[in-house]
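Colleague: sequence and computational prediction follow.
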Amino acid sequence: MSTGTAAARAGTVCAVRGLTKTYPAARGRRGSAGTPEIRATDGIDLDVGRGEIFGLLGPNGAGKSTLVRQLTGLMRPDSGSVDVLGHDLVRHPERAARLIGYLGQESTALDELTVSLAAETTGRLRGLPAKAARAERDAVLEELGLTALAGRPLKKLSGGQRRLACFAAALVGDRPVLVLDEPTTGMDPVARRAVWAAVDRRRAERGATVLLVTHNVIEAETVLDRVAVLDRGKVIACDTPAGLKERVASEVRVELVWRERAPVELPEVAALRPRAQESGRRWVLRLGPDAARAAVAAVTGGPAFAALDDFTLATPSLEDVYLALGGRTEGLVKA
Amino acid sequence: MEAPPEALAAPAERAGAAAPLAPRARLLPALSAVYRAQLSRAKVARIPLLFVATFQSIGIMVLMRGVVDGGSEARAVVAGSSVLVVAFVALNLLAQYFGQLRAGGGLDHYATLPVPPASVVLGAAAAYASFTVPGTLVTAITGCVLFGLPLAHLWVLAAVIPLAGAALAGLGAALGLLAPRQELATLLGQLGMSAALLLGVLPADRLPGPIAYARDLLPSTYGVEAFAHSFGSHPDWAVISLDLAVCAAVGVVSLLVATWAYRRAAVSR
């Protein structure tokens, strides 16, 4: 889907066509069942424009990481093409390392190094001369507020700090494209802000393009220019967060939180139940504006109110879009 | 998600030239960066294990003192125990490290950086090999004192450690990278070290026939032989050089295999 955003018109940095990767069926060992053949990516098409912060949103197992591994040359697709800045990365996967700065989910390779050495070594391995690697290391650690932790081994840091240190390593040695696989996992709000500020600065000053994997819908709504929603290896929608939300603009999200349990013996509550998504004491309903108003009036005006702990009415989020598109909700995070 | 037909042509082909690529990291700078990083992690994580390796070798020599009665057998025991420290660290620990790196997705980090594969393997191998230096020296000196051997030619270790280190580290890296599972990598590393122990420390002329052939196949054997020969009052330098040359050749081959194994493991499946 080539939505004509300003960024896309300014030039496509990354074009993906028909990308397909199938994991072969695994035969079960004794005592465990085999897994059937899985299409991890199933004919994916994407265009990412220069300077865009482009997101891949979907629950665990949707194919996000497989897609990213194919973009970064770590995995060969069965078929399809990946073009980054005019280079065919299916034919020349080794070029990916010279175009893309990649932050993977694992920190195993850096765990026993100090923050400072992790960043410097990564810079050296990205081809920087020693002096430049040290200078960039210092600048990036300062920028991300990691200077005080520079001498500590990554292993000894908290999950969020370690993630931030890996992000720092990904930034040393400038690349026109950054591919970040769930960069803010486990981070506190201060660290998150540091990450997004660093990303914005690279975009504003150097026109960097960022491809971001996330399963965090709040983050997706606030930082992404455009987002592709993935489900079972397919792109089920691709638009700006606002554009996606317009698809379900006619609906209102009603959240009811019950004190102990839902009083389903009351008819007004029983009537809502078929339309509710229940998770413990929490019910989520997606209703038209009138129906939503009526539902709230019913539960707040009658005996059900005594059993109600909290309720909210909200405009739909990306999670609602995702559900409306037929995606499965498990695994999407709101934080 | 249907792309309009005109978008199907690769964008850069329409625009003309492709963007310039950032430079590659060259072999030696990348190797030295990996070496330095590995050495620093060895400092944190490997010092206790180095003590284990050294005490193990010294313990074996103390045990063997009751079995061998000086002469060529004593030389073989001291040389074998010293090289065993190299086998413990370079073969066993490196196999474990690469097995763990592969299982934990750590190879992705290097695979997404523009580095020659050889620099990652050689840098790690060199770091592990140099980390064996203190333990090997301590073991060799202790052995010489225990068995009353001359210390005059210990400098031969300056050639034995890097060459046996290269051969064993290459083997260890290859085992770690080729093992389909992490536990198997650990197991293979342990087995390799056990082989180095038995075949290196036990005097060669007491081994039964087929096992003596296995001894000839083990890369560390030639390091052990070279070192053992150096204890004589008039060492035969030609024999020592030949042993070291074999060790070097095996080292080159095993590092090439390790590099091939790294490429194979890094580009996925």
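Modeller: Received, thanks. It should be emphasised that the depicted structure is a prediction, and the values quoted were computed from it without experimental measurement. Numbers count the residues shown, from 1 in each chain, chains lettered A, B, ... in the order given.

Colleague: tell me the contacts of the nearest residue to residue A:201 once chain neighbours are set aside?
Modeller: Counting by C-beta to C-beta, 6 or more residues apart in numbering or on different chains, residue A:201 lies nearest to residue A:143, which is 7.7 Å off, once chain neighbours are set aside. Where you see a C-beta, it was placed from the backbone N, CA and C, and this is true even at glycine. Counting by C-beta atoms under 8 Å, 6 or more residues apart in numbering or on different chains, residue A:143 touches A:194, A:198, A:201.

Colleague: and residue A:143, how far from chain B?
Modeller: 20 Å (C-beta to the nearest C-beta, to the nearest Å).

Colleague: with residue A:213 instead?
Modeller: For residue A:213, the distance to chain B - C-beta to the nearest C-beta - is 14 Å.

Colleague: and stretch A:279-291, how far apart are its ends?
Modeller: End-to-end distance of stretch A:279-291: 21 Å, with C-alpha to C-alpha, to the nearest Å as the criterion.

Colleague: tell me which residue is most central in chain A.
Modeller: Centroid-nearest residue in chain A: residue A:214, 0.9 Å away (criterion: C-alpha atoms, centre = their mean).

Colleague: beta partners of that residue?
Modeller: Note on residue A:214: beta-bridge partners by DSSP bridges are residue A:57.

Colleague: buried members of the contacts of residue A:143 into PyMOL, please.
Modeller: To isolate the buried ones among those in PyMOL, judged by 16 or more other C-beta atoms under 10 Å in any protein chain shown, type:
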select buried, chain A and resi 194+198
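
Colleague: so which bits of the stretch 201-335 of chain A are right by chain B?
Modeller: With C-beta under 8 Å from any C-beta of the partner chain as the criterion, the stretch 201-335 of chain A meets chain B at residues A:234-235, A:238.

Colleague: tell me the most packed of the residues you listed, by neighbour count.
Modeller: Counting neighbours by other C-beta atoms under 10 Å in any protein chain shown, residue A:235 comes out on top of these with 24 neighbours.

Colleague: doesn't it belong to a helix?
Modeller: No - counting by DSSP: H, G, I helix; E, B strand; the rest coil, residue A:235 is not part of a helix but strand.

Colleague: picking up where we left off before, now, which of the residues of the stretch 201-335 of chain A next to chain B sits nearest residue A:154?
Modeller: Within these, the smallest distance to residue A:154 is 34.3 Å, found for residue A:235 (C-beta to C-beta).

Colleague: and that closest one, bridged to which residues?
Modeller: In beta-bridge terms (that is, DSSP bridges), residue A:235 pairs with residue A:230.

Colleague: wouldn't it be in contact with residue A:229 here?
Modeller: Yes - counting by C-beta atoms under 8 Å, residue A:235 touches residue A:229, with 6.9 Å between them.

Colleague: where exactly do the helices run in the chain?
Modeller: Answering for chain A, as no chain was given. A:6-9, A:64-71, A:115-125, A:130-143, A:159-171, A:189-206, A:217-223, A:241-246, A:267-272, A:289-301, A:318-324 (DSSP state H).

Colleague: meant chain B, my bad for not saying
Modeller: Counting by DSSP H, chain B has these helices, from start to end: B:11-15, B:27-45, B:47-65, B:71-86, B:94-103, B:107-111, B:117-131, B:133-147, B:157-178, B:182-201, B:209-217, B:220-229, B:237-266.

Colleague: buried residues, the second one. List them.
Modeller: Yep, that's helix B:27-45 we're talking about. For helix B:27-45, by 16+ other C-beta under 10 Å, it's B:29-31, B:33-42.

Colleague: can you add pLDDT and distance to chain A and give the residues you listed back as TSV?
Modeller: Below are the buried residues of helix B:27-45 laid out as TSV (pLDDT from 0 to 100; distance: C-beta to the nearest C-beta, whole Å):
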residue	pLDDT	distance to chain A
B:29	92	6
B:30	92	6
B:31	92	10
B:33	93	4
B:34	93	7
B:35	93	10
B:36	92	7
B:37	91	4
B:38	89	9
B:39	88	10
B:40	86	6
B:41	76	4
B:42	70	9
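
Colleague: grab the nearest non-local neighbour of residue A:133.
Modeller: Residue A:133's closest residue in space is residue A:123 (C-beta to C-beta, 6+ apart), at 3.6 Å.

Colleague: so how far is residue A:131 from that neighbour?
Modeller: Distance, residue A:123 to residue A:131, using C-beta to C-beta, to the nearest Å: 11 Å.

Colleague: so what pLDDT did the one residue in the stretch 101-250 of chain A that gets nearest to chain B get?
Modeller: Closest approach between the stretch 101-250 of chain A and chain B, counting by C-beta to the nearest C-beta: residue A:108, at 3.2 Å. Residue A:108 carries a pLDDT value of 85.

Colleague: check contacts around it.
Modeller: B:100-101, B:104-106, B:109.

Colleague: can you do 6 Å?
Modeller: Contacts for residue A:108 (C-beta atoms under 6 Å, 6 or more residues apart in numbering or on different chains) come out as B:101, B:104, B:106.

Colleague: so which of these is the closest to residue B:79?
Modeller: residue B:101 (31.8 Å).

Colleague: can you get me a residue count around the closest one?
Modeller: Neighbour number of residue B:101 under other C-beta under 10 Å is 24.

Colleague: same question, residue A:68
Modeller: Count around residue A:68 with other C-beta under 10 Å applied: 25.

Colleague: turn the contacts of residue A:143 into TSV, including pLDDT and distance to residue A:243.
Modeller: Listed next are these as TSV, based on pLDDT from 0 to 100; distance: C-beta to C-beta, whole Å:
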residue	pLDDT	distance to residue A:243
A:194	93	29
A:198	95	27
A:201	93	26
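
Colleague: what about chain A, any weak spots by pLDDT?
Modeller: Across chain A, residues meeting the criterion (pLDDT under 70) sit at A:1-10, A:28-33, A:326-335.

Colleague: around chain A, pick out the residues from the stretch 51-200 of chain B.
Modeller: Residues of the stretch 51-200 of chain B that fall close to chain A, judged by C-beta under 6 Å from any C-beta of the partner chain: B:101, B:104-106, B:108-109, B:111-115.

Colleague: hang on, the earlier thing: pLDDT added to the contacts of residue A:108, as CSV?
Modeller: Below are the contacts of residue A:108 laid out as CSV (pLDDT from 0 to 100):
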residue, pLDDT
B:101, 89
B:104, 85
B:106, 87
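
Colleague: now for the residue nearest to residue A:133: which residues touch it?
Modeller: A:133, A:136-137, A:172-173.

Colleague: ok, which pair from these is furthest apart?
Modeller: Across these (C-beta to C-beta), the longest gap, 9.8 Å, separates A:137 and A:173.
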